[in-house]
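Peer 1: Predicted coordinates and the sequence they were generated for:
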Amino acid sequence: MTRKVRTRIAPSPTGFLHLGTARTALYSWAYARHYGGEFVLRVEDTDVARSTQDSVDQILASMHWLGLDYDEGPIYQMQRLDRYRAVIGQMLAAGTAYHCYCTPDELTAMREAQKERGEKTHYDGRWRPEPGKVLPPVPQGVPPVVRFRNPPGGDVSWDDLVKGRITINNREIDDLIIVRPDGVPTYNFCVVVDDWDMAITHVFRGDEHVNNTPWQINIFNALGAPLPLFGHVPVILGDDGQKLSKRRGAVSVTAYEEAGFLPEAMLNYLARLGWSHGDEELFSRDQLVQWFDGQHLSKSPAQWDAAKLAWVNAHYIKQTDAAVLATLVVAQLKRLGIEATAGDSLNRMCALYRDRCATTVELAQWLAMYFAPVNPSAEDLAAHVTDAVRPAVATLRDKFAGIEWNKPSIAAAIKETLAAHALKMPQLAHAVRVLVCGRAQTPSVDAVLELFPRDAVIARLQSA
Ligand code: GLU
């Protein structure tokens, strides 16, 4: 019987939602949605010292922002300790796990001796029960760890959804610690019990976990649990070809939200980073779900490309309803210290400038001139507000005082002024832009001016 597709994302709440984890979440989510399955969010919080509620909140907010809705969860590992203990009890009883009383000093000595003999360091199995073997006497006062009794020989193999067939010989695998001396079970064990209990059928995760998978498969088998399929997604490299890391720039979803990227753009860009559907670069959430069948995942590391992300974001900004942009811009303007309210006027501003912006931060930078004084540069003033143009600026200002304040009347006033002073459009338009907008390039000047209050325009032209 084929099982219903169930995928999961299992972030550790020790920081923001990392872009790599967000991409894995996206693949897991899209895969579940494509096959009409379910997507589970599990919080791997057994690293008690580093896990925080704040991080959980950030991760949930980023998932929500990206629109990655989950059918179950968040499920917290720390709330499942009793279940892990019960399974450990069963494994100890079945002989697939055993107590090991080696002290840290003993383990160090073991490794040193192996190094001296030129051997690869490994746990030598001194507490591993074998038929007919006499174990050392249990020492006093040493809290034991629990180790998994790995199969002694043979291969572990799986058909990785991304990397293809992978085979490891069991002789290369140590008996893994599955419960620490403090009684807390370790990642490789909890993840198996969880994936089993949660009936996970497909595990997508970063390829830093590929070395853990043989252990996990052996534990699944020891428990008689059905194996999920695994897909290990290559790392994301930064612009400089090194692994994307905090030191190399923004790595969290939150940082991109703050930097003015739209969730649909992040979703599109992240999905394409490591996966393809023909030559498609721009696709909607629905198309992604329709196309994401687990094929065409790239085997090689993906390269983060800030310019491409900006291009994708610009595409979505152009398509976004002005009223939606306006609410985002209010938040961005606030970061610039400007209070603006959403409404018709802001909507019109967004509609006028959205075609030239890669982010909502850029949009806010454009719109700031409508809410705060501008500071034209000395070069722009010298280049465009010349003695030849100044009298025309004065004429225009006077005309502006007496017209209806709308785009056609503004255009007509400019035309009359040009005729009266025998000037060309760019000469006057540049001067007006520098004075009113603080920069020489803008969309069509009549459209730009219409969105200012008349008095503000006249006051700024006064400074010529
Ligand atoms: N907590 C692990 C991580 O954040 C999850 C690994 C897994 O998906 O199995 O890397």
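Peer 2: All right, it came through fine.

Peer 1: Report the separation between the spatially closest residue to residue 190 that is not a sequence neighbour and residue 252.
Peer 2: Distances taken as C-beta to C-beta, 6 or more residues apart in numbering place residue 77 nearest to residue 190, at 5.4 Å, with adjacent residues excluded. Where C-beta positions appear, they are placed from N, C-alpha and C, glycine not excepted. For residue 77, the distance to residue 252 (C-beta to C-beta, to the nearest Å) stands at 22 Å.

Peer 1: can stretch 160-168 be found next to the ligand?
Peer 2: No: shown here: stretch 160-168 not in contact with the ligand (C-beta under 6 Å from any ligand atom), separated by at least 13.5 Å.

Peer 1: How about residues contacting that stretch?
Peer 2: 155-159, 202, 204, 207, 210, 213-214, 229-234, 294, 297-299 (C-beta atoms under 8 Å, 6 or more residues apart in numbering).

Peer 1: rerun that using 10 Å as the cut-off
Peer 2: For stretch 160-168, contacts defined as C-beta atoms under 10 Å, 6 or more residues apart in numbering pick out 27, 31, 155-159, 202-204, 207, 210-211, 213-215, 217-218, 229-234, 274-275, 294-295, 297-299.

Peer 1: Just the buried residues of those.
Peer 2: 27, 31, 156, 158, 202-204, 207, 210, 213-215, 217-218, 230-234, 274-275, 294, 297 (16 or more other C-beta atoms under 10 Å).

Peer 1: I'd assumed residue 150 was in contact with residue 215.
Peer 2: Yes: with contacts counted by C-beta atoms under 10 Å, residue 215 reaches residue 150, the gap being 7.3 Å.

Peer 1: which bits of the stretch 51-200 of the chain sit near the ligand?
Peer 2: Counting by C-beta under 6 Å from any ligand atom, the stretch 51-200 of the chain comes close to the ligand at residue 191.

Peer 1: how about low-confidence regions in the stretch 51-200 of the chain?
Peer 2: Nowhere does the stretch 51-200 of the chain drop to pLDDT under 70.

Peer 1: hey, where'd the strands end up in it?
Peer 2: 72-76, 97-100, 145-148, 155-160, 164-169, 177-179 (DSSP state E, counting those that start in this stretch).

Peer 1: nearest residue to the residue in the stretch 201-350 of the chain that the ligand sits nearest to other than its sequence neighbours?
Peer 2: Relative to the ligand, the nearest point of the stretch 201-350 of the chain is residue 205 (3.6 Å; C-beta to the nearest ligand atom). Take residue 205 and drop its neighbours on the chain: the residue closest to it by C-beta to C-beta, 6+ apart is residue 24, 5.6 Å away.

Peer 1: Also residue 28?
Peer 2: Spatially, and ignoring its direct neighbours in sequence, residue 28 is nearest to residue 7 (3.9 Å; C-beta to C-beta, 6+ apart).

Peer 1: what about whichever helix or strand the one you found is part of, near the ligand?
Peer 2: Secondary structure assignment for residue 7, by DSSP states H and E: strand 6-9. No: on the criterion C-beta under 6 Å from any ligand atom, strand 6-9 is out of touch with the ligand, staying 7.1 Å away.

Peer 1: Which neighbouring elements make contact with that strand?
Peer 2: Strand 6-9 is packed against helix 19-34, strand 38-43, strand 72-76, helix 187-197, strand 202-206, with contacts defined by 3 or more C-beta pairs under 10 Å, 6 or more residues apart in numbering; DSSP states H and E.

Peer 1: Now find how far off-centre it is within its chain.
Peer 2: 17 Å (C-alpha atoms, centre = their mean, to the nearest Å).

Peer 1: repeat for stretch 177-189
Peer 2: 29 Å.

Peer 1: What residues sit buried inside it?
Peer 2: Neighbour-count burial for stretch 177-189, counted by 16+ other C-beta under 10 Å, picks out 177-179, 185-189.

Peer 1: Pull up the distance across it, start to finish.
Peer 2: 9 Å (C-alpha to C-alpha, to the nearest Å).

Peer 1: Where does the stretch 51-200 of the chain get nearest to the ligand, residue-wise?
Peer 2: Distances between the stretch 51-200 of the chain and the ligand by C-beta to the nearest ligand atom are smallest at residue 191, namely 4.8 Å.

Peer 1: Which elements pack onto the helix or strand hosting residue 290?
Peer 2: Counting by DSSP H and E, the element that carries residue 290 is helix 285-291. Contacts defined by 3+ C-beta pairs under 10 Å, 6+ apart place helix 285-291 against helix 19-34, helix 263-272.

Peer 1: can those go into CSV with extra columns for distance to the ligand?
Peer 2: CSV is the format used below for these (distance: least, C-beta to the nearest ligand atom, whole Å):
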stretch, distance to the ligand
helix 19-34, 6
helix 263-272, 16
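
Peer 1: Tabulate those in JSON lines, adding columns for mean pLDDT.
Peer 2: Formatted as JSON lines, the helices and strands packed on helix 285-291 follow (pLDDT from 0 to 100):
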{"stretch": "helix 19-34", "mean pLDDT": "97"}
{"stretch": "helix 263-272", "mean pLDDT": "97"}
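
Peer 1: Pull the number of nearby residues for the closest residue in space to residue 245 that isn't next to it in sequence.
Peer 2: Nearest-residue entry for residue 245: residue 251, 6.5 Å, with adjacent residues in sequence omitted and distances by C-beta to C-beta, 6+ apart. Look at residue 251: counted by other C-beta atoms under 10 Å, it has 23 neighbours.

Peer 1: sorry, back to before: surely the residue of the stretch 201-350 of the chain closest to the ligand touches residue 213?
Peer 2: Yes: Residue 205 lies in contact with residue 213 (C-beta under 10 Å); the separation is 9.2 Å.

Peer 1: Now do the shared contacts for the two.
Peer 2: Taking C-beta under 10 Å, 6+ apart as the criterion, residue 205 and residue 213 both touch 230, 232.
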